[in-house]
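Participant: Attaching a predicted model along with its sequence, questions to come.
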Amino acid sequence: GYFGVAGVDALVDTAGGIYPVIEINARNNMSTYQVQLQERFVGPEKIAVAKHYPIRLAEPTGFDTVRERLDGLVFDGDTGLLVNNFATVNAAATPDQPFDGRLYGIVVATSPEQLTAIDDQVTARIAGMRNGKS
């Protein structure tokens, strides 16, 4: 008897296996928002990958701090990391204890090599925050 918005989560594993239905939710999911960003910012001459970057923090941090850490890698209207969810960076914050957050984004590039380079640099810079120093 349900009708309305539904989000279907799928998974591709590291060996190339496809799991087409992991979960069905009676709500929007991340891809609902990512598709809109893809349609607007990823043209036919671009390639992209949607990712989340784990981040370990000692205290909540603001977007400006993360943006500064990612200087030169944030989407500039052409290529870079297009952040599509920052709220999850601080969602698990607990007083006086390190916590794990997630930064969600879409890496937009003009070639597979550029995409890998941007992703690797974002990963490395975010990893530098995992030691509890924001």
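Facilitator: Cool, got the structure. Because the structure is a prediction, the values reported are computed rather than measured. Numbering: from 1, shown residues only.

Participant: what's the longest helix in this protein?
Facilitator: helix 112-127 (DSSP state H).

Participant: Show me what counts as buried in it.
Facilitator: 114-115, 118-119, 121-122, 125-126 (16 or more other Cβ atoms under 10 Å). Placement of C-beta: from N, CA and C, glycine included.

Participant: Output it as CSV, nothing but the C-alphas.
Facilitator: Presented in CSV, the C-alpha positions along helix 112-127 are these (Å, rounded to 0.1, in the frame of the first residue of the first chain):
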residue,chain,number,x,y,z
PRO,A,112,40.6,9.5,-15.2
GLU,A,113,44.1,10.6,-14.3
GLN,A,114,42.9,13.9,-13.0
LEU,A,115,40.0,12.3,-11.1
THR,A,116,42.5,9.9,-9.4
ALA,A,117,44.9,12.7,-8.6
ILE,A,118,42.2,14.9,-7.0
ASP,A,119,40.7,12.0,-5.1
ASP,A,120,44.2,11.0,-3.8
GLN,A,121,44.9,14.5,-2.7
VAL,A,122,41.6,15.0,-0.9
THR,A,123,42.0,11.6,0.8
ALA,A,124,45.5,12.6,2.0
ARG,A,125,44.5,16.0,3.3
ILE,A,126,41.5,14.7,5.1
ALA,A,127,43.6,11.9,6.6
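
Participant: So which elements touch that helix?
Facilitator: Judged by 3 or more Cβ pairs under 8 Å, 6 or more residues apart in numbering; DSSP states H and E, the packing partners of helix 112-127 are strand 47-57, helix 63-69, strand 80-85, strand 99-109.
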